[in-house]
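J.: based on what follows, work out the 3D shape:
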Amino acid sequence: MCRADQAAAAKMPLGFVPAGTGNGIVKSLLSRAGEELNPVCAVLSILRARLDKADVGALEQEGQVKTYSILSLSWGLIADVDIQCDRYRFLGESRVLLQAAASIVKLKSYKGRLQLLCPPAEGTAPATPRNWKVIDGRFVCLWAMNMSHAAYDLHVAPEAQLQDGCFDVVVLKEGISRGTVARAFMEIEKGTHIRYPQIEIYKAEEVIWEPSCGSGIFSVDGELSACGPETVESLPKMHKAKKLALGYEKVHLKVLKAKLSLLVP
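T.: Have a look, this model is predicted:
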C-alpha cells in the first residue's frame with residue numbers, strides 16, 4: 001500500500017499460508033469457509049484462485065497517511081501484551097499467556113478520547129445523517145478489527161466482514177473487573193466474550209483515537225507503531241531503537257472499502 005504503484009499493486013491478489021505466531025489473517029479467511037487452519041488448506045485455497053476483496057484501514061496524522069492496517073489496531077491491554085511479551089521470546093508461544101496474566105493482574109487504564117463514525121442503522125434511509133459517537137475517559141482496551149480473528153485463538157470480532165466498509169471496534173472502559181477480563185479472555189477463542197455487557201462493540205467507518213496521557217502502546221497489525229514517552233524505557237530491548245510509523249498523538253483511521261485483492265477459500 002505504500003508503493004508508488006499502489007493502485008496496481010492492490011489489484012494483485014494475495015494468498016496467505018500460516019507460518020507465523022498468530023496467523024490472524026489466514027485464520028479469518030479459512031474460518032469463514034469452515035476450513036481448518038493448516039498449511040494444506042491454505043495452499044489449496046490459493047490454488048483454487050478464488051478472488052475476493054477486503055477493506056484496508058488508512059491511518060492518518062495531520063492529514064497525511066502514515067501507514068495502513070489489514071488486520072487490527074490496538075491500544076491498552078492488548079497492545080501491552082502483544083509488545084511487552086517479546087521480552088520472553090525464549091518461552092515461545094507461552095510468552096503471550098504469561099504476559100496476559102501479568103497485565104490482567106495490573107489492569108492499567110489509559111486516558112484518551114475515542115470518536116467513531118458509525119454507519120446508519122439497518123432500515124434507515126440512505127440519506128440519514130451520520131453522527132460521531134464520542135467516548136471520553138479512561139480505557140482498559142481499544143481493539144479495532146478489520147477481520148474476525150486477531151490470531152488463530154482470538155475470535156475477537158465474530159461479526160466482522162471482509163468488505164463491509166467498517167472496522168469492528170471493541171472497547172473496554174475503566175471499571176471492568178479483573179475477573180470479567182479474565183473470563184472474557186478464556187472465552188475469546190469461541191467468540192463468546194461479546195456476551196459481557198462491559199465489552200462494547202461498534203462498527204465504524206472512521207475512527208479517531210487520541211491519547212491524553214504520556215504512557216501506553218499503539219499497535220498496528222501486531223507491530224509496535226506508537227509509544228508514549230513514559231513507556232519507552234519499559235519496552236523490550238528489541239523495540240527500543242525502532243523507528244515507529246506513528247507519533248503518540250491523534251490518529252484518524254479511514255476505511256478504504258474493498259481496496260485489497262485476496263485469494264480466499
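J.: all contacts plus neighbour counts: C-alpha atoms, from now on.
T.: Fine.
J.: for this protein, which helix is longest?
T.: Ranked by number of residues, the top helix in the chain under DSSP state H is helix 94-106.
J.: packing partners for that one?
T.: helix 77-84, helix 178-187 (3 or more Cα pairs under 8 Å, 6 or more residues apart in numbering; DSSP states H and E).
J.: hey, which of those is tucked in deepest?
T.: Among the helices and strands packed on helix 94-106, ranked by average contacts under mean count of other Cα atoms under 10 Å, first place goes to helix 77-84 (a mean of 22).
J.: elements contacting it?
T.: helix 94-106, strand 132-145, strand 217-220, strand 223-227.
J.: my guess is L256 contacts Q163. True?
T.: No: at 9.1 Å, L256 and Q163 do not qualify as touching, with contact defined as Cα atoms under 8 Å.
J.: mutual contacts of those two, please.
T.: Common neighbours of L256 and Q163, counting by Cα atoms under 8 Å, 6 or more residues apart in numbering, are D55.
J.: how close does the closest residue to K237 other than its chain neighbours sit to P129?
T.: Take K237 and drop its neighbours on the chain: the residue closest to it by Cα to Cα, 6 or more residues apart in numbering is R87, 7.4 Å away. Between R87 and P129 the computed distance is 47 Å (Cα to Cα, to the nearest Å).
J.: looking at the helices and strands packed on helix 77-84, spot the one closest to F185.
T.: Nearest to F185, of all the helices and strands packed on helix 77-84, is helix 94-106, at 9.1 Å by Cα to Cα.
J.: just want the angle from that closest one to helix 178-187.
T.: With axes from the mean of the first three to the mean of the last three Cα atoms, to 10 degrees defining the directions, helix 94-106 sits at 160 degrees from helix 178-187.
J.: just the helices in the stretch 1-150 of the chain please.
T.: Secondary structure of the stretch 1-150 of the chain (DSSP state H, counting those that start in this stretch): helices at 6-11, 24-31, 39-48, 77-84, 94-106.
J.: now the ones you listed in CSV, with distance to I188?
T.: CSV is the format used below for the helices of the stretch 1-150 of the chain (distance: least, Cα to Cα, whole Å):
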stretch, distance to I188
helix 6-11, 32
helix 24-31, 13
helix 39-48, 23
helix 77-84, 13
helix 94-106, 13
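J.: and of those helices, who's closest to K203?
T.: Closest of those to K203 is helix 24-31, at 17.4 Å (criterion: Cα to Cα).
J.: what's L172 in contact with, if anything?
T.: So L172 contacts F139, V140, C141, L142, Q198, I199, E200 (Cα under 8 Å, 6+ apart).
J.: just these now: which is nearest T67?
T.: For those, the nearest to T67 is L142 (18.4 Å; Cα to Cα).
J.: burial measure for the residue nearest to D136 when sequence neighbours are not counted, as a count.
T.: Distances taken as Cα to Cα, 6+ apart place R113 nearest to D136, at 4.6 Å, with adjacent residues excluded. If you count neighbours by other Cα atoms under 10 Å, R113 ends up with 17.
J.: enumerate the beta-bridge partners assigned to R113.
T.: With DSSP bridges as the criterion, R113 is bridged to D136, E210.
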